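Colleague: Sequence plus the predicted model coming up.
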Amino acid sequence: MRIFTLIVAAASAFSLAACEGTDLERGVMGAGIGAATASATGRNVAAGAAIGGAAGVVCDDVTPQLCN
């Protein structure tokens with residue numbers, strides 16, 4: 001179940017964080033999405049925020065066609 005939570009948090013961060021312009025903006029958006037997802041699923045909120053933030057920051061490096 002933990003891996004499912006991580007996948008959902010990362011997918012949410014990638015999809016919504018792609019709308020922002022800079023790495024910092026995407027990181028903050030991803031951290032918020034990760035924390036909200038972790039909280040909603042009863043997981044560690046700090047870990048969710050860290051994973052979501054990292055996903056938001058590296059989004060443009062991993063999927064440049066989605067993160068402009």
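Modeller: Sure, I can see it. Numbers count the residues shown, from 1 in each chain.

Colleague: Regarding A38, what is its secondary structure?
Modeller: At A38 the chain is in helix, as set by DSSP: H, G, I helix; E, B strand; the rest coil.

Colleague: Surely it and N44 touch.
Modeller: Yes: counting by Cβ atoms under 8 Å, N44 is a contact partner of A38 at 6.0 Å. (Each C-beta comes from the backbone N, C-alpha and C, glycine too.)

Colleague: Have a look at those two and say which one is more surrounded.
Modeller: Using other Cβ atoms under 10 Å as the criterion, A38 and N44 rank with A38 on top: 23 against 14.

Colleague: ok, for the more buried one, nearest residue in space, not its chain neighbours?
Modeller: Among residues not flanking A38 along the chain, G48 sits closest, at 2.6 Å (Cβ to Cβ, 6 or more residues apart in numbering).

Colleague: now that neighbour: how far from E25?
Modeller: 19 Å (Cβ to Cβ, to the nearest Å).

Colleague: more neighbours, the two?
Modeller: G48 (27 against 14).

Colleague: Quick check: buried residues in stretch 31-41?
Modeller: By neighbour count on 16 or more other Cβ atoms under 10 Å, the buried set for stretch 31-41 is 31-38.

Colleague: Identify, from those residues, the entry nearest to T63.
Modeller: Within the buried residues of stretch 31-41, the smallest distance to T63 is 15.7 Å, found for I33 (Cβ to Cβ).

Colleague: The closest one contacts G53, doesn't it?
Modeller: No: here I33 does not reach G53: they are 9.1 Å apart, not a contact under Cβ under 8 Å.
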